[in-house]
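Peer 1: predicted model, plus sequence, below.
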Amino acid sequence: MSAPVPLDRAALDHHPLPSIAGGDKDRHGQILIIAGSRDVPGAALLAAHGAMRAGAGKLQIAAPDVIAVPLGIAMPEAKVVGHASHRDGGFATSALDALGELASRADAIVAGPGLESNNAAAPLAAILLASCKRLALDAALLRVLPDCAAEARTAGVSPILLPHAGEMASLLGCDTAEVEADPLAAGRACAIRYGATVLVKGVQSHVVAPDGSAWLYSGGGPGLGVSGSGDVLAGITGGLLARGADPLVALLWSVWLHGEAGRALAERMGPLGFLAREIPGEIPSLLKKASPQA
């Protein structure tokens, strides 16, 4: 199989974003973010900022009810819907039907950042995969995805998976060291196993399409290795999906935008010490420079 294509601005010319369609928020897409828990409420907020800075029009956050009100205050742009909580601070299984109903009305879904890996996680992943929506899965929902491999392969739209090396090892049933030794091979194996568009995160990040085609992003810098950075990336991906980008286009652009935002912050502030919450603010100007219609 061919070597990965460098993921740079020139590569993105072959995968353009959808053009901007009018000024109505409904025409920019509705995104549902299913994220957060009592212990990690900020994951939902970081994903939400990433989605809106990438250009999503309408934002809804579904979160355990123990954190819903603070999230609504922190993100006034969102409709925040609280759902029944388990004693661990994540979703209770009784929330699943309502979450599925919310998913049916969204244009795109990001699910997993900050969620608890409890008994609700695998059924939730299965419900979302069956929704035929543009979908990005992260964190807790990646850990349970081996239980939903058949649902992933038969999903109406190729799901986007956003694992780091440890989560990739869980997806493939191997050791983390094996993933780190050959991340491209791991990404291709994962894409085939789950019929997914896959990001293998790392110092160099690989994007792999379901057919095994691959891209390599080498930028960004060490400052992106900070708590919450992956939640922002998931949100950016979801925001582009909500705008109508197909999974591969959304993932290629989100990886590049996230990395270039890190590069811009490093140039202005230094290579380390900026916060994940500062990454989304760089996205609109990068979109403007990269594509006048973005």
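Peer 2: Here it is on my side, so go on.

Peer 1: quick one: the strands in the stretch 151-294 of the chain, in order.
Peer 2: 160-161, 197-200, 205-208, 214-217 (DSSP state E, counting those that start in this stretch).

Peer 1: what's the most buried one of these?
Peer 2: strand 197-200 (a mean of 29; mean count of other Cβ atoms under 10 Å). C-beta here means a position set from N, CA and C on the backbone, and glycine is covered the same way.

Peer 1: which helices and strands does that strand pack with?
Peer 2: Contacts defined by 3 or more Cβ pairs under 8 Å, 6 or more residues apart in numbering; DSSP states H and E place strand 197-200 against strand 160-161, helix 183-194, strand 205-208, helix 247-269.

Peer 1: again, only this time at 7 Å
Peer 2: In terms of contacts (3 or more Cβ pairs under 7 Å, 6 or more residues apart in numbering; DSSP states H and E), strand 197-200 is packed against helix 183-194, strand 205-208, helix 247-269.

Peer 1: just the C-alphas of the first one, formatted as PDB.
Peer 2: In this case it means helix 183-194. C-alpha atoms of helix 183-194 as PDB (Å, rounded to 0.1, in the frame of the first residue of the first chain):
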ATOM      1  CA  PRO A 183       0.900   3.800  14.000                       C
ATOM      2  CA  LEU A 184       0.200   3.700  10.300                       C
ATOM      3  CA  ALA A 185      -0.400   0.000  10.300                       C
ATOM      4  CA  ALA A 186      -2.500   0.300  13.400                       C
ATOM      5  CA  GLY A 187      -4.600   3.000  11.700                       C
ATOM      6  CA  ARG A 188      -5.200   0.900   8.600                       C
ATOM      7  CA  ALA A 189      -6.100  -2.200  10.600                       C
ATOM      8  CA  CYS A 190      -8.600  -0.100  12.700                       C
ATOM      9  CA  ALA A 191     -10.100   1.500   9.600                       C
ATOM     10  CA  ILE A 192     -10.700  -1.900   8.100                       C
ATOM     11  CA  ARG A 193     -12.000  -3.500  11.300                       C
ATOM     12  CA  TYR A 194     -14.600  -0.800  12.000                       C
END
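
Peer 1: buried sites along it?
Peer 2: Residues 183-191, 193-194 are the ones in helix 183-194 that count as buried (16 or more other Cβ atoms under 10 Å).

Peer 1: quick revisit: among the strands of the stretch 151-294 of the chain, which comes closest to Ala234?
Peer 2: Proximity to Ala234 (Cβ to Cβ) singles out strand 160-161 among the strands of the stretch 151-294 of the chain, at 8.8 Å.

Peer 1: low-confidence stretches in this structure?
Peer 2: 21-28, 291-294 (pLDDT under 70).

Peer 1: which residue ranges of the stretch 51-200 of the chain form helices?
Peer 2: Assigned by DSSP state H, counting those that start in this stretch, the stretch 51-200 of the chain shows helices spanning 65-74, 96-104, 121-129, 140-143, 149-153, 165-172, 176-181, 183-194.

Peer 1: re the thing from before, will you turn the helices and strands packed on strand 197-200 into JSON lines that also has distance to Arg87?
Peer 2: As requested, the helices and strands packed on strand 197-200 are exported to JSON lines (distance: least, Cβ to Cβ, whole Å):
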{"stretch": "helix 183-194", "distance to Arg87": "31"}
{"stretch": "strand 205-208", "distance to Arg87": "37"}
{"stretch": "helix 247-269", "distance to Arg87": "35"}
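
Peer 1: just to revisit the earlier point, turn the buried residues of helix 183-194 into JSON lines, including distance to Ala155.
Peer 2: What follows is the buried residues of helix 183-194, written out as JSON lines (distance: Cβ to Cβ, whole Å):
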{"residue": "Pro183", "distance to Ala155": "24"}
{"residue": "Leu184", "distance to Ala155": "23"}
{"residue": "Ala185", "distance to Ala155": "23"}
{"residue": "Ala186", "distance to Ala155": "21"}
{"residue": "Gly187", "distance to Ala155": "18"}
{"residue": "Arg188", "distance to Ala155": "19"}
{"residue": "Ala189", "distance to Ala155": "18"}
{"residue": "Cys190", "distance to Ala155": "15"}
{"residue": "Ala191", "distance to Ala155": "13"}
{"residue": "Arg193", "distance to Ala155": "13"}
{"residue": "Tyr194", "distance to Ala155": "9"}
